[in-house]
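Asks: need the 3D shape of this:
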Amino acid sequence: MSREQNELSDHVTVLVFKDNYAARTFQIPLGWITRFGVLIGGLVGIAILTSILAIKYYRAVQHASPARVQDLEQELSDLRSAVNAKTTGNPVAPVQNVSSTVAFSNDGLSGDPAAMPSSVPGSEVLTRPFLFTGLPAGTRIVERSTIPIAIHAARANWEGKTLSVNFNIQYHLDDRRNQQGRIIILARGPETLVGYPAGILGRIASGSLISPEQGEYFSVSRFREVKARFGPMASQNALNEVEIILLNEKGEVLLYEKLVPNGVTTAVPQVQTVIQPQAPQVLKAVPAATEEQRNDPVAPNAVWPGPFDAKSSSTAKDPDLNPASGITEP
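Replies: Down below sits the predicted model:
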C-alpha cells in the first residue's frame, strides 16, 4: 500500500444522490470545518458567560439596592415599635412545655421574650429582649431543655474594613445522634443590613425579612466551626450589631445570640463655639437734680447728675464738665 493511501485526507467528500440522476460530489476542506466549529464554540461560550454575569449582577443589585435596605429597615422599625408596645403593655408568662408555640406575626411577638433560649452563660451576648420580627409568621421556638447543641466562643471582630464572625456549634449529648438545621447570621448598622449566607434576606414583595430555607445547612454530631465575613464596608461604624440564629429542619428557632463587634469606634462630635453678638448699650436718661437736692446738707459732697444731653453723657470722661472737680462749665 502506497504512502499516499495511508495518509489521511485533508478534505471531506460529500456525495449527493437524487432519484436516477448521476451522483454529485462536493469536497469541503477540514480547515473550514475546524474554523467554523471554533467560531460556533466561541459564540456559545460568550453567550453562557454573558448570561452568568448578567444573573450575578442582577442578584447583586437586588440585594444591595439602597431602596430595598431602606424598606427593610423601615419594616424592622415598625415591627420593633409594635413588639415593644406589646411586651411592655401586656407581658405573658414564659413558655413551660414543648408544645407551646410562640407566634411571630407582622404586628409583634405574642410570647414572652425571656423564653427565648440562649447559649452558654457568660458568653459575650447582649441580654436585651428577643425581638425577632424578621422570621415568617407562626415560627416556633424549641423548648430549651430539648436542644442538644450550644454555641461556644462566639465573637465578632473587625479586620480592617471587613467584619469577621466566628463561633462553634457543639453537640453536648452522648446519644450518637446529630442535629441538622440552618445557620443565619445578620449584621446591621445605622443604615446597613447584610446577611449570611447570600440570599438569606427576602425580597421586597415577600412576606418576611428572612428566608429560613436559604440558610446555610449544617449537620453536627460533635463539633463544627462557622466563619462568616461581611465587607469590605465603608467604615467600622457601618455595622454595630450581629445576630446569630440557628434553626432546625422544620424552621423552628433553636438558638439565638446577639453580639457587639469588637473595635467599633464612635466618632467624637466636634464642639462648635458660637459667638453671641453683644447687645448694644443703651443710655438711659436720668432726670436732672433739683436745687433742693443740690443744697441738701445730708450729702453735701454728692454728685448729682445734670440735664441729660450730649455733654452730660461724657461727664465722667471730660474733667472740665465734672462737678466733683470743682470746675464748672462757663
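
Asks: export stretch 189-196 as CSV, just CAs?
Replies: What follows is stretch 189-196, C-alpha atoms only, in CSV (Å, rounded to 0.1, in the frame of the first residue of the first chain):
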residue,chain,number,x,y,z
GLY,A,189,-25.9,49.2,61.5
PRO,A,190,-27.5,52.6,61.4
GLU,A,191,-28.0,52.5,57.6
THR,A,192,-26.9,48.9,56.6
LEU,A,193,-28.3,45.4,56.8
VAL,A,194,-26.5,42.4,55.4
GLY,A,195,-27.0,38.7,55.9
TYR,A,196,-25.1,35.4,55.7
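
Asks: in that stretch, what's buried?
Replies: Gly189, Thr192, Leu193, Val194, Gly195, Tyr196 (16 or more other Cβ atoms under 10 Å). The C-beta positions use only the backbone N, C-alpha and C, and glycine is treated the same way.

Asks: which other residues reach it?
Replies: When contacts are defined by Cβ atoms under 8 Å, 6 or more residues apart in numbering, stretch 189-196 is touched by residues 69, 72-73, 76, 165, 183-188, 201, 210, 216, 228, 230, 233, 237-241.

Asks: follow-up on the earlier one: I'd like to know which of the buried residues of stretch 189-196 are part of strands.
Replies: Leu193, Val194, Gly195, Tyr196 (DSSP state E).

Asks: okay, now the domains of this protein?
Replies: According to automatic domain parsing, the chain comprises the domains 3-63, 65-259, 291-325.

Asks: comparing these, which yields the minimum mean pLDDT?
Replies: Mean pLDDT per stretch puts domain 291-325 lowest among the domains of the chain, at a mean of 51.

Asks: reformat the buried residues of stretch 189-196 as JSON lines; add distance to Ala150.
Replies: Formatted as JSON lines, those follow (distance: Cβ to Cβ, whole Å):
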{"residue": "Gly189", "distance to Ala150": "28"}
{"residue": "Thr192", "distance to Ala150": "29"}
{"residue": "Leu193", "distance to Ala150": "27"}
{"residue": "Val194", "distance to Ala150": "26"}
{"residue": "Gly195", "distance to Ala150": "23"}
{"residue": "Tyr196", "distance to Ala150": "20"}
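
Asks: of these, closest to Tyr57?
Replies: Val194 (17.9 Å; Cβ to Cβ).

Asks: give me the phi and psi angles of Pro261.
Replies: Dihedral angles of Pro261 (phi, psi; degrees, to the nearest 10) stand at phi -60, psi 140.

Asks: secondary structure class of Asp175, three-state.
Replies: Using DSSP: H, G, I helix; E, B strand; the rest coil, the structure places Asp175 in coil.

Asks: and it, what is it in contact with?
Replies: Residues near Asp175 by Cβ under 8 Å, 6+ apart: Pro148.

Asks: show residues contacting stretch 149-163.
Replies: By Cβ under 8 Å, 6+ apart, stretch 149-163 touches 119-120, 123-125, 164-172, 179, 187, 220, 229-236, 239, 242, 244, 246, 254-255, 257, 259-264.

Asks: mind listing what the helix or strand harbouring Ile184 pairs with, with the direction of each?
Replies: Ile184 is part of strand 179-188, with elements assigned from DSSP states H and E. Paired neighbours of strand 179-188 in the sheet (DSSP bridges): strand 193-196 (antiparallel), strand 216-220 (antiparallel), strand 241-248 (antiparallel).

Asks: so which of those is nearest Thr50?
Replies: Closest to Thr50 of the strands paired with strand 179-188, according to Cβ to Cβ: strand 193-196, at 27.6 Å.

Asks: what residues of the strand or helix carrying Val12 count as buried?
Replies: Assigned by DSSP H and E, Val12 belongs to strand 11-16. By 16+ other Cβ under 10 Å, strand 11-16 has no buried positions at all.

Asks: cool, and stretch 30-45?
Replies: So stretch 30-45, judged by 16+ other Cβ under 10 Å, has zero buried residues.

Asks: before we move on, back to that, adding distance to Ser9, write the strands paired with strand 179-188 out as JSON lines.
Replies: Output for the strands paired with strand 179-188, formatted as JSON lines (distance: least, Cβ to Cβ, whole Å):
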{"stretch": "strand 193-196", "distance to Ser9": "60"}
{"stretch": "strand 216-220", "distance to Ser9": "57"}
{"stretch": "strand 241-248", "distance to Ser9": "66"}
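
Asks: so which of the ones you listed is nearest Ile28?
Replies: strand 216-220 (53.2 Å).

Asks: are any of the contacts of stretch 189-196 buried, and which?
Replies: 69, 72-73, 76, 165, 183-188, 201, 210, 228, 230, 233, 238-241.
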